[in-house]
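> Build the 3D model from these lines:
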Amino acid sequence: MAAFAQINPITDICFLVEDVERASAFYVDRLGFKPRRRAPGFADFKGAGITLALWEIGHIAENTGISGRKAPPGVHKACAAIEVPSPEKVDAAYAELKAAGVIFQAPPQNYNWNARCCYFADLDDNLWEIYAWADGGPVGDIDQSD
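Got it, this is the predicted structure:
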């Protein structure tokens, strides 16, 4: 079996937030992140290194079936994401990891943000996403021509 983690770098860190507008303001105004994409319930930013994404807990739960249960204050919330080159690679990664005993929320699906994704959690309920953009690429790009 190919070592999934050795050939697919972590491309995104996604924090699950209650209010994407409030969280976006913090990352832009206080930390200097530059907005890259914006869609309902979601925003992502480029900084030095990987992509930082913010996803409203209610939005991810509504669209993917992932639990929308909110952790109490002081509990850390995050989602690690791995972008693969194509929707077919999402399916291949799903098959490989499922065969290795990883339990997924559901098989890969096409979502309305123009991506094919699948989700699993580790033994401590840390959420992981494997995704690829469908034809036409990502939606919500923000023009960066200053």
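> where in this structure is pLDDT low?
In the predicted model, the chain carries pLDDT under 70 at residues 1-2, 76, 124, 144-146.
> which residues of it fall in strands?
12-17, 34-39, 42-46, 51-56, 79-83, 109-111, 115-121, 127-133 (DSSP state E).
> With mean neighbour count and distance to residue 23 as new columns, can the ones you listed be given to me in TSV?
The C-beta positions use only the backbone N, C-alpha and C, and glycine is treated the same way. Putting the strands of the chain into TSV (neighbours: other CB atoms under 10 Å; distance: least, CB to CB, whole Å) gives the following:
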stretch	mean neighbour count	distance to residue 23
strand 12-17	19	4
strand 34-39	16	12
strand 42-46	21	8
strand 51-56	21	5
strand 79-83	19	13
strand 109-111	13	21
strand 115-121	20	20
strand 127-133	21	17
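> Residue 66 is nearest to which of those?
Residue 66 lies closest to strand 115-121 among those, at 5.7 Å (CB to CB).
> Enumerate every residue touching the nearest residue to residue 16 once chain neighbours are set aside.
Leaving aside its sequence neighbours, residue 16 sits nearest to residue 77 (CB to CB, 6 or more residues apart in numbering; 4.4 Å). Neighbour list for residue 77: 15-17, 57, 71 [criterion: CB atoms under 8 Å, 6 or more residues apart in numbering].
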